[in-house]
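1. heads up, no residue letters with this:
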Ligand code: CO
């Protein structure tokens, strides 16, 4: 049996969101629980991505709702390459009722660990790469409202 709970989303301007998340060192059952709760929270809030810091947990963990791979859990992600920058409108569960145009890569090669401590690489395209860029920014205390551009 799997138990999941919906967690509260921390909202801007809470300074908690500005902290740098720490790498996961031990892949314990607690990490699986965090991932399950994050997925539940993302689905219930109709999000397309979520970072652990948004639910009050300062680990480098995010979930990307991708077109190509479904819900992609990324732990300790590292961007290996990014290209094809384009402007697009985005929002964030932590910035309700705000949207704006941000320049993001539409192609990204990403390295990360899955929940079983296996190192993976993935090539993300289009919106999948945009979501990855947005969520990895969260792990570094950066919000999309910091990157707004006109036009
Ligand atoms: Co966000």
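-> Nice, I can see it. For clarity, every value in this text was computed on a predicted model and none was experimentally measured.
2. next, count neighbours for residue 80.
-> By other Cβ atoms under 10 Å, 12 other residues sit near residue 80. All C-beta spots, glycine's among them, are computed from the backbone N, C-alpha and C.
3. which SS state does it fall under?
-> Per DSSP: H, G, I helix; E, B strand; the rest coil, the local secondary structure of residue 80 is strand.
4. beta partners for the residue lying closest to it once chain neighbours are set aside?
-> What sits nearest to residue 80 in space, not counting adjacent residues and going by Cβ to Cβ, 6 or more residues apart in numbering, is residue 109, at 4.3 Å. Beta bridges link residue 109 to residue 81, residue 123 when assigned by DSSP bridges.
5. where's residue 109 relative to residue 31, distance?
-> Distance, residue 109 to residue 31, by Cβ to Cβ, to the nearest Å: 24 Å.
6. who has more neighbours out of these two?
-> Neighbour tally, residue 109 and residue 31, criterion other Cβ under 10 Å: the higher count belongs to residue 31, 20 against 16.
7. tell me the secondary structure at that one.
-> helix.
8. verify the stated contact: it with residue 57.
-> No. Between residue 31 and residue 57 there is no contact under Cβ atoms under 8 Å: 9.8 Å.
9. what about residue 101, helix or strand, and which?
-> Using DSSP states H and E, residue 101 falls within strand 100-113.
10. residues contacting residue 77?
-> 60, 62, 110-112, 132, 136, 139 (Cβ atoms under 8 Å, 6 or more residues apart in numbering).
11. can you map out the helices along this structure?
-> 29-44, 127-139 (DSSP state H).
12. make TSV from those helices and add mean pLDDT and distance to residue 17 to it.
-> Output for those, formatted as TSV (pLDDT from 0 to 100; distance: least, Cβ to Cβ, whole Å):
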stretch	mean pLDDT	distance to residue 17
helix 29-44	97	15
helix 127-139	98	7
